[in-house]
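Colleague: sequence first, then the predicted structure:
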Amino acid sequence: MIYKKPRQINNSEYRFLTDFLKSNFIKSINQNSNYEVSLIQEPYTGFGYADLVCIIWDKIIYKKWSQKRNNLSFIDIKVLHHLYNSKVFKDKTQIKCELGYGISQINNSISNLLEAELIKINKQKKVKIKPLKDIFFLKEIISIEAKLKDWKKALEQCLNNTQFASKSFALFPAKTVKKSLIEKYKKTNVGVISFETEYKIVKNAKKYSIPSNLNSWFFNEYIGREVLGAY
């Protein structure tokens, strides 16, 4: 469900990001021994290709992942996210009207989600999502956009990334991060990281709750399928 850019361009920005990945940043963002960190370079997020997405996830996924989840489709996850936003029991007709899919598609998705142990059904045949702690295993989704100079383009991309990420950062060479650049980011929720031989978080990013949109779920499903060998 996560598509990566088929061919990464080996330009100066790509090499800058590669050097940054050798820093202590990845180790520093995870201090919990129950969590792991996975990196995805240039995944498609629904808002273009993010340079880097760092995903911190709970190892409990190994115990709670249902193999049936590996077969879930785009529509299945969309129905799941809709139920997450609703937080109440809903019947299939309601879901059909709210999402605009045919009743056969909704029936199929409900069946798939029940088999995957992601939703529950009551006596009235209405369905509701299970507790998030039992089905969503990502603790943080940190997006990073690397730019050598273009702060405006970086900011635009970083703001898009706040739609799915818990934190969104722009990464620049240390010599680029001047007072005037920081001022441009000051009134936003985007963070700024400078890097030369070591990294420095010049401005922290606001932390958002996840899952915040459909793409948050796609990253969750990607991790489950990847760590359990379904990809």
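Modeller: Good, I have the coordinates. Numbers count the residues shown, from 1 in each chain.
Colleague: which parts of this protein are helices?
Modeller: Per DSSP state H, the chain carries helices over the ranges 12-20, 25-28, 61-64, 74-86, 92-99, 103-115, 132-135, 151-161, 179-185, 214-227.
Colleague: can you pull out the low-pLDDT segments for the chain?
Modeller: Within the chain, the segments meeting pLDDT under 70 span 1, 7-8, 230-231.
Colleague: looking at the helices of the chain, which is nearest to Tyr3?
Modeller: When the helices of the chain are compared by C-beta to C-beta, helix 214-227 sits nearest Tyr3, at 9.4 Å. (Glycine included, C-beta is placed from N, CA and C.)
Colleague: care to break the protein down by domain?
Modeller: 12-61+138-203, 66-135 (automatic domain parsing).
Colleague: what's in contact with the strand ranked longest in the chain?
Modeller: With secondary structure taken from DSSP state E, the chain has its longest strand at strand 138-146. The contact list for strand 138-146, computed with C-beta atoms under 8 Å, 6 or more residues apart in numbering, reads 13, 16-17, 20, 29, 32, 35, 45, 50-58, 154, 157-158, 161, 164-172, 193, 207, 210-211, 216, 219-220, 223.
Colleague: swap in 7 Å and give it another go.
Modeller: 13, 16-17, 20, 29, 35, 50-58, 154, 157-158, 161, 164-171, 210, 216, 219-220, 223 (C-beta atoms under 7 Å, 6 or more residues apart in numbering).
Colleague: ok, now stretch 29-39?
Modeller: If you take C-beta under 7 Å, 6+ apart as the criterion, stretch 29-39 is touched by Ile26, Leu52, Cys54, Ile55, Ile56, Trp57, Asp58, Lys59, Lys139, Ile142, Ile223.
Colleague: quote the end-to-end distance of it.
Modeller: For stretch 29-39, the first-to-last residue distance is 12 Å (C-alpha to C-alpha, to the nearest Å).
Colleague: distance between that stretch and the chain's centre?
Modeller: 15 Å (C-alpha atoms, centre = their mean, to the nearest Å).
Colleague: quick check: buried residues in that stretch?
Modeller: Asn30, Tyr35, Glu36 (16 or more other C-beta atoms under 10 Å).
Colleague: same check, this time on stretch 196-205
Modeller: By 16+ other C-beta under 10 Å, the buried positions in stretch 196-205 come out as Tyr199, Val202, Lys203, Ala205.
Colleague: now, those that are in strands?
Modeller: Counting by DSSP E, the buried residues of stretch 196-205 place Tyr199, Val202, Lys203 in strands.
Colleague: can you redo the residues you listed as JSON lines with distance to Lys78?
Modeller: Formatted as JSON lines, these follow (distance: C-beta to C-beta, whole Å):
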{"residue": "Tyr199", "distance to Lys78": "37"}
{"residue": "Val202", "distance to Lys78": "37"}
{"residue": "Lys203", "distance to Lys78": "34"}
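Colleague: of those, closest to Ile75?
Modeller: Nearest to Ile75 among those, with distances taken as C-beta to C-beta, is Lys203, at 39.0 Å.
Colleague: wait, that closest one touches Val192, no?
Modeller: Yes. The criterion here is C-beta atoms under 7 Å, and Lys203 meets it with Val192 at 4.2 Å.
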